[in-house]
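Please find the sequence and the predicted model below.
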Amino acid sequence: MSTPDTATPTRLAAATGTGSAPGRRGSLGPVGLVLAGGVSVQFGGALAVTLMPRAGALGVVALRLLVAAVVLLVVCRPRLRGHSRADWGTVVVFGVTMAAMNGLFYQAVARIPLGPAVTLEVLGPLALSVLASRRAVNLVWAGLALVGVFLLGGGGFGDLDPAGAAFALGAGAMWAAYIVFSARTGRRFPQADGLALAMAVGALLFLPLGLAESGAKLADPVTLGLGASVALLSSVLPYTLELLALRRLPASTFAILMSLEPAIAATAGFLVLGQALSVMEAAAIALVVAASMGAVRTQVGRAKTAVPEA
């Protein structure tokens, strides 16, 4: 598993111009890979919710990061020597960010439905995209997203647990930081070495927290098996599919497809967890998805007009 110039899959990284844009725009193959990755992530998240009564939110995060780290370290076999102090500092911050993103998100879905949680979380990358673009039209997309959030909260988050909403927003902030440090790690480490090392850092940070919350429950064979499934569905499989897709898919298309994740999450929440959405919640998710897509398309249009003259 290798890619030139980039080591880590940057979910929504194209929104900030850090993705690559090689390949054929008309091919359905890489689009299918990205959509499959999104489905895998969100159904993995739904499975994680079912595991929480057995292992707790922190225990699920610990299992997910640990299994994903082991798989990636075995597959990638990253080189430990020859890296500067700045390289290690970057990968450590990336690992901390990844751990915080997962921890906050799983605290959110322990309290609020999966669809609204992902909708609030995606505001982080959306805000990053708006700030990176610096175009007035993005204020429209930001306003559209805020309307969606207002509807999602029932005019004041009376229908959502406030702590759950806060955790989801915190996860969104960490997602934005994840994008930034994923790109920096990709420039410093070859192939997927940086991702594997960062995942190991995140696993080491969260394992004590998971043990403190769940203790011997994490050693239960059923819990271990479900935790491994969550790790494969939510980390290993989607990251691999996205890496393969980014070799042939324009970064702009990749980012727009990532904008569909709140809708995919709502579908997964309904099918796996029976979390039905009200009409207002569905409209709110649609507004945030539209705002995210609009912001990405604006960023792409700006990039096209900024092509230097020959």
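On my side now, so go ahead.

Give me the three-state assignment for G82.
coil (DSSP: H, G, I helix; E, B strand; the rest coil).

Tell me where the protein has helices.
Using DSSP state H, the helices found in the chain span residues 28-76, 85-109, 114-121, 123-133, 137-152, 162-188, 193-214, 221-231, 237-246, 251-258, 261-273, 279-305.

Where among those is average confidence lowest?
Mean pLDDT values for the helices of the chain show the minimum at helix 251-258, a mean of 63.

Number of residues surrounding G59?
26 (other C-beta atoms under 10 Å). Any C-beta I mention is one placed from the backbone N, CA and C, and that applies to glycine too.

was I right about it contacting D220?
No: using C-beta atoms under 8 Å, G59 is not in contact with D220; the gap is 10.3 Å.

Could you tell me the phi and psi values at D161?
The phi/psi pair for D161 (degrees, to the nearest 10) reads phi -60, psi 120.

Who's the closest spatial neighbour of it, skipping the chain neighbours?
Once flanking residues are discounted, D161 sits nearest to R111: 4.3 Å by C-beta to C-beta, 6 or more residues apart in numbering.

list the buried ones in stretch 190-207?
190-203, 205-207 (16 or more other C-beta atoms under 10 Å).

ditto for stretch 65-74
For stretch 65-74, by 16+ other C-beta under 10 Å, it's L65, L66, V67, A68, A69, V70, V71, L72, L73.

In contact with the fourth one, which residues?
Neighbouring residues of A68 by C-beta atoms under 8 Å, 6 or more residues apart in numbering: M199, A203, A231, L232, S234, S235, V236.

where's it relative to T185, distance?
16 Å (C-beta to C-beta, to the nearest Å).

same question, the last one
Using C-beta to C-beta, we find L73 at a distance of 15 Å from T185.

Then the second one?
Here L66 is placed at a distance of 20 Å from T185 (C-beta to C-beta).

again with the fifth one
With the distance defined as C-beta to C-beta, A69 ends up 15 Å from T185.

repeat for the first one
Here L65 is placed at a distance of 16 Å from T185 (C-beta to C-beta).

ok, back up a step: dump the buried residues of stretch 65-74 into CSV; add distance to Y106 as well.
CSV is the format used below for those (distance: C-beta to C-beta, whole Å):
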residue, distance to Y106
L65, 11
L66, 14
V67, 15
A68, 14
A69, 16
V70, 19
V71, 19
L72, 19
L73, 22
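
Could you single out the nearest of those residues to E121?
Using C-beta to C-beta, L65 comes nearest to E121 of those, at 17.4 Å.

Please name the nearest non-neighbouring residue to the closest one.
A203 (4.0 Å).

And for A265?
Nearest to A265 is V118, by C-beta to C-beta, 6+ apart, at 3.7 Å.

right, and that neighbour touches A268 too?
No: the criterion here is C-beta under 8 Å, and V118 misses it with A268 at 9.1 Å.

where do the contact lists of those two overlap?
Common neighbours of V118 and A268 (C-beta under 8 Å, 6+ apart) are Q42, G45.

Run the chain-centre distance for stretch 108-117.
15 Å (C-alpha atoms, centre = their mean, to the nearest Å).

what does stretch 269-276 rub up against?
Taking C-beta under 8 Å, 6+ apart as the rule, stretch 269-276 contacts F43, A46, L47, V49, T50, P113, L114, G115, A266, L277.

Now render those as JSON lines, adding distance to A171 and neighbour count.
JSON lines is the format used below for these (distance: C-beta to C-beta, whole Å; neighbours: other C-beta atoms under 10 Å):
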{"residue": "F43", "distance to A171": "18", "neighbour count": "21"}
{"residue": "A46", "distance to A171": "16", "neighbour count": "23"}
{"residue": "L47", "distance to A171": "18", "neighbour count": "19"}
{"residue": "V49", "distance to A171": "14", "neighbour count": "22"}
{"residue": "T50", "distance to A171": "19", "neighbour count": "13"}
{"residue": "P113", "distance to A171": "15", "neighbour count": "24"}
{"residue": "L114", "distance to A171": "12", "neighbour count": "27"}
{"residue": "G115", "distance to A171": "14", "neighbour count": "29"}
{"residue": "A266", "distance to A171": "16", "neighbour count": "26"}
{"residue": "L277", "distance to A171": "20", "neighbour count": "18"}
